[in-house]
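Peer 1: 3D, please:
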Amino acid sequence: MSGSKWNDQEIKDLLKKMPKMKSGQSAEDLYAQIQREEQKKAAKKPPIWVPVGAGLASVGLLILLLPPLLPDQESMNSSAGNEQAAYDSGSHDTDEFSSSSTESSDDRRENEMEFADKEKHEADKDSAEIFSSEEAAPEEETSDNFTASDQGQESDENQEEMESQAPLEESGETELLFASELNGKAYLSTALVTPDSHIIPMTFVLPVDFSGQTPWELYNRWAGQIDEEGLGFIEFHPISTQVENAGGNVLTANIDQPENYLEEEPTSVFEDVMNATFGNDGRVQLQLLPDEDNNSVQANEPFELDNSKKGYYIFEQSTGDYYMVQSVRSFDTVEEAIYSMQFELPDDQYENAISEQLELTVNKAGDQLEITLENSLDDQAEQEKLQFVEAVLLTAASFDFEEVIFSNVSKEPVSGIDLTLPVEVPVGMNTHYLAEN
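Peer 2: Predicted structure coming up:
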């Protein structure tokens with residue numbers, strides 16, 4: 001009040017002229033009223049934690065909502081540029097902010113932009129992973145479809161490669177071979193020899209069509225490709241690649257040192273193998289001739305081969321696998337052969353193919369053999385059922401029957417063989433498939 005003309009005396013005189021104010025309130029009431037007013041003002045103010053909580057909630061909401069609202073880095077930079085321009089413009093129009101406050105605001109803005117960039121990077125990364133997983137699903141399905149469609153071709157190629165590398169391919173050690181399964185292919189019947197001199201008949205389906213080849217022609221061509229050691233047998237074949245028909249029912253085999261075969265103990269091993277190889281089509285004779293380069297050895301006398309009217313047994317290996325094997329002797333009747341298969345054993349390592357508990361009768365009707373069980377075969381284990389059926393079918397084939405009728409045996413198929421219908425006899429046993437080298 002530099003322009004005021006008042007002095008102290010004048011002020012005092014003016015105050016004395018003012019009317020005197022009186023109040024009927026006591027000092028205590030006035031103090032209480034003041035307290036009430038202060039409490040009202042305090043009640044109107046929010047608690048300190050409310051703005052703090054609201055701020056934290058806003059920050060959390062911003063973190064959740066900010067990534068989807070930022071489509072790309074360019075838009076972020078553009079927005080940041082616009083904000084920077086607006087801020088610069090405002091700073092030019094306003095003179096109230098100092099240079100120090102401007103620098104502080106720039107630092108805060110840079111920190112906020114770095115935080116936003118970091119959040120956007122994380123959001124883009126998550127979005128990319130989700131998008132990749134969604135896109136990968138149909139691609140993976142397409143890849144699976146491609147693999148499935150090409151897997152067959154790849155398997156065929158692998159199979160061809162395996163056949164070219166492995167000369168022998170098993171279809172089952174005890175499977176029978178039926179003429180209906182050959183599909184026009186030729187097959188070779190022979191026998192392999194175990195290290196302890198047991199004879200195991202084998203049938204090899206060949207990778208060529210049957211066109212009237214004789215057993216000795218097939219033997220000359222394919223016996224050398226049998227991987228005997230790979231199957232667990234000793235090397236025996238071929239005895240010769242020059243087995244020929246000398247006329248009539250006499251076969252000759254030109255071999256080096258034929259006495260080595262006939263002087264071995266037991267000498268029946270060689271004869272049994274030749275019997276299983278060349279004696280399946282009626283009686284024939286085999287004569288071993290010395291090789292042209294060995295004139296010091298004389299030809300032996302022909303010996304007879306006849307692989308008919310045999311009984312069949314089980315030869316089980318230590319691995320648990322088994323082969324069907326045939327008797328050395330020939331039986332006079334099929335009834336005699338079946339009886340021996342059930343109650344007799346020609347070798348200590350053989351097992352009966354027909355259980356002693358089965359009660360059966362045998363009837364013959366032309367080219368059919370009928371087997372009737374008094375008690376059901378369903379009480380037997382699956383392997384015993386199969387061995388029974390295989391042994392009967394092989395015996396029927398050995399006695400030149402064409403079909404077997406099973407009565408009261410089993411209503412359920414045994415290893416795929418329907419026993420409610422006449423069953424064709426097999427042409428081979430212990431079947432393998434030979435690949436061409």
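Peer 1: any chance you could map the strands in the stretch 301-437 of the chain?
Peer 2: Taking DSSP state E, counting those that start in this stretch as the criterion, the stretch 301-437 of the chain carries its strands at 303-305, 312-316, 322-326, 350-351, 360-365, 368-373, 403-407, 423-424, 431-434.
Peer 1: quick one: low-confidence residue ranges for the stretch 151-300 of the chain.
Peer 2: For the stretch 151-300 of the chain, the stretches flagged by pLDDT under 70 are 151-174, 259-267, 292-299.
Peer 1: all strands of it, in order?
Peer 2: Under DSSP E, counting those that start in this stretch, the stretch 151-300 of the chain gives strands at 168-170, 185-193, 199-209, 243-247, 250-255, 284-290.
Peer 1: residue 388 is nearest to which of those strands?
Peer 2: strand 199-209 (18.3 Å; C-beta to C-beta). C-beta: built from backbone N, CA, C; applies to glycine.
Peer 1: can you give the strand pairings for that closest one, parallel or anti for each?
Peer 2: strand 185-193 (antiparallel), strand 431-434 (parallel) (DSSP bridges).
Peer 1: how about that strand: buried residues?
Peer 2: 199-206 (16 or more other C-beta atoms under 10 Å).
Peer 1: nearest to residue 317, of these?
Peer 2: Distances from residue 317 to the buried residues of strand 199-209, taken by C-beta to C-beta, are shortest for residue 200, at 9.8 Å.
Peer 1: is the closest one in contact with residue 228, as I believe?
Peer 2: No. Checked against C-beta atoms under 8 Å, the pair residue 200 and residue 228 is beyond contact range at 10.5 Å.
Peer 1: and for those two, which residues touch both?
Peer 2: Common contacts of residue 200 and residue 228 (C-beta atoms under 8 Å, 6 or more residues apart in numbering): 192-193.
Peer 1: related to what we said a few turns ago, can you lay out the strands of the stretch 151-300 of the chain as JSON lines showing distance to residue 303?
Peer 2: Converted to JSON lines, the strands of the stretch 151-300 of the chain look like this (distance: least, C-beta to C-beta, whole Å):
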{"stretch": "strand 168-170", "distance to residue 303": "30"}
{"stretch": "strand 185-193", "distance to residue 303": "16"}
{"stretch": "strand 199-209", "distance to residue 303": "16"}
{"stretch": "strand 243-247", "distance to residue 303": "14"}
{"stretch": "strand 250-255", "distance to residue 303": "11"}
{"stretch": "strand 284-290", "distance to residue 303": "6"}
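Peer 1: let me know which of these is the nearest to residue 11.
Peer 2: strand 168-170 (130.5 Å).
Peer 1: about what we covered before: any chance of the strands paired with strand 199-209 in CSV, plus mean neighbour count and distance to residue 213?
Peer 2: Below are the strands paired with strand 199-209 laid out as CSV (neighbours: other C-beta atoms under 10 Å; distance: least, C-beta to C-beta, whole Å):
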stretch, mean neighbour count, distance to residue 213
strand 185-193, 21, 6
strand 431-434, 21, 14
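Peer 1: could those strands go into a markdown table alongside distance to residue 56?
Peer 2: Formatted as a markdown table, the strands paired with strand 199-209 follow (distance: least, C-beta to C-beta, whole Å):
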| stretch | distance to residue 56 |
| --- | --- |
| strand 185-193 | 84 |
| strand 431-434 | 78 |
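Peer 1: closest one to residue 367 among those?
Peer 2: strand 185-193 (21.0 Å).
Peer 1: that older thread, let's have the strands of the stretch 301-437 of the chain in JSON lines, adding mean pLDDT and distance to residue 334.
Peer 2: Converted to JSON lines, those look like this (pLDDT from 0 to 100; distance: least, C-beta to C-beta, whole Å):
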{"stretch": "strand 303-305", "mean pLDDT": "91", "distance to residue 334": "21"}
{"stretch": "strand 312-316", "mean pLDDT": "94", "distance to residue 334": "12"}
{"stretch": "strand 322-326", "mean pLDDT": "93", "distance to residue 334": "14"}
{"stretch": "strand 350-351", "mean pLDDT": "94", "distance to residue 334": "19"}
{"stretch": "strand 360-365", "mean pLDDT": "95", "distance to residue 334": "6"}
{"stretch": "strand 368-373", "mean pLDDT": "96", "distance to residue 334": "7"}
{"stretch": "strand 403-407", "mean pLDDT": "95", "distance to residue 334": "11"}
{"stretch": "strand 423-424", "mean pLDDT": "96", "distance to residue 334": "15"}
{"stretch": "strand 431-434", "mean pLDDT": "94", "distance to residue 334": "23"}
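Peer 1: can I get the ones you listed in CSV including distance to residue 181?
Peer 2: Formatted as CSV, those follow (distance: least, C-beta to C-beta, whole Å):
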stretch, distance to residue 181
strand 303-305, 26
strand 312-316, 19
strand 322-326, 17
strand 350-351, 27
strand 360-365, 26
strand 368-373, 21
strand 403-407, 16
strand 423-424, 10
strand 431-434, 9
